[in-house]
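> Any chance you could fold what I've pasted below:
(one chain, ligands or ions: 1)
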Amino acid sequence: MKSSFVVPTDLDPVQRHPKAAKAGERMRMHNPMCFGCGEESPNGLRLEMFAGEEFTVDAAMRVQTQFEGGPGVIHGGVLSTAFDDVMGMVPLLVGPSAVTVHLEVDYIKPIPVETTLQFRASLLGRQRRKIYTEGIAHYGDPTQPVAVAHGIFVTINAREHFADHLENSQLSDEYKRRLSRP
Ligand SMILES: CCCCCCCCCCCCCCCC(=O)SCCNC(=O)CCNC(=O)[C@H](O)C(C)(C)COP(=O)(O)OP(=O)(O)OC[C@H]1O[C@@H](n2cnc3c(N)ncnc32)[C@H](O)[C@@H]1OP(=O)(O)O
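Next up is the predicted model:
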């Protein structure tokens, strides 16, 4: 498996954010309506994320039959979505929210439906607002990844970033009010 993803060498120092979840704790979902992890998303993946040691995040996903792409195997876009969401939680271990600017996935083996995929996302480094991450998925044997992803997330001021889009969200009015407060 070859990846052309490049992490700069002149990285900034990182520290775990004092308010970040501790190893083993479930991480707070960033948005209840998120397709990846939101508990209120009607048809979402509903991934549960757990903070790991150092700068890692773990999650599991049952590959449901409706996730099929090729006959009997997962759709690549569903897998990419799961990676995006699990890797998107890594920035929260070190600082403010961040959004994806770049995501690439290496698909190594077909992934049958009705298996349970285990994900681990890790911090590769931070440079200014850019957070470099890696995600690994396997089912069964952690030494045999079936897919590997790399992504760059850029930190944002969430209130400002989403201000013009809140009215389109399915979030409750109470939630929207909280988010739009200065
Ligand atoms: C209830 C709700 C609560 C809210 C809670 C918040 C939730 C928080 C979300 C968590 C969610 C997680 C899981 C889902 C994750 C998604 O799915 S996010 C959705 C998909 N992503 C997006 O929509 C992002 C769209 N892009 C943007 O809005 C803008 O590009 C950004 C991210 C605001 C950056 O724009 P900017 O502020 O003008 O910054 P810019 O100078 O362009 O870039 C900053 C740095 O990034 C670099 N960069 C930018 N783009 C790229 C690229 N494609 N490749 C490489 N480098 C890049 C720049 O070169 C620059 O680097 P340096 O100059 O520091 O070396």
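
> Please list all residues in contact with the spatially closest residue to residue 22 that is not a sequence neighbour.
Take residue 22 and drop its neighbours on the chain: the residue closest to it by Cβ to Cβ, 6 or more residues apart in numbering is residue 51, 6.3 Å away. Glycine gets a C-beta too; all of them are placed from N, C-alpha and C. For residue 51, the residues meeting the contact criterion (Cβ atoms under 8 Å, 6 or more residues apart in numbering) are 20-27, 57-58, 93.

> how does it look with 10 Å?
If a contact means Cβ atoms under 10 Å, 6 or more residues apart in numbering, then residue 51 has 16, 20-27, 57-58, 89-90, 92-93 as its contacts.

> And residue 163, by the same measure?
Applying Cβ under 10 Å, 6+ apart to residue 163 gives the contacts 157, 179-180.

> Which members of the contacts of residue 51 are classed as buried?
16, 20-21, 27, 57-58, 89-90, 92-93 (16 or more other Cβ atoms under 10 Å).

> Which two among those residues are spaced furthest apart?
Farthest pair in those (Cβ to Cβ) is 16 and 58. Separation: 15.7 Å.

> that older thread, mind checking which of the contacts of residue 163 land in strands?
Using DSSP state E, no member of those falls within strands.

> who wins for most neighbours among those?
In terms of neighbours by other Cβ atoms under 10 Å, those top out with residue 179 at 15 neighbours.

> so that one makes contact with residue 97?
No: applying Cβ atoms under 10 Å, one finds residue 179 not in contact with residue 97, separated by 11.6 Å.

> isn't residue 97 right next to residue 88, touching?
Yes: applying Cβ under 10 Å, one finds residue 97 in contact with residue 88, separated by 8.7 Å.

> list residues touching both of those two?
With Cβ under 10 Å, 6+ apart as the test, residue 97 and residue 88 both reach 30, 153.

> So for those two, which sits in the more crowded spot?
Applying other Cβ under 10 Å to residue 97 and residue 88 shows that residue 88 carries more neighbours, namely 26 against 18.

> Does residue 102 belong to a helix, a strand or coil?
In three-state terms, and counting by DSSP: H, G, I helix; E, B strand; the rest coil, residue 102 is strand.

> need the contact list for it.
Applying Cβ under 10 Å, 6+ apart to residue 102 gives the contacts 5, 130, 132, 150-154.

> Can you tell me which of the residues you listed comes closest to the ligand?
Nearest to the ligand out of the contacts of residue 102 is residue 154 (Cβ to the nearest ligand atom; 4.0 Å).

> can you give me the strands for this structure?
Using DSSP E, strands in the chain cover 49-51, 56-62, 98-107, 116-127, 130-138, 147-155.

> most tightly surrounded among those strands?
The highest average neighbour count among the strands of the chain, using mean count of other Cβ atoms under 10 Å, belongs to strand 130-138 at a mean of 23.
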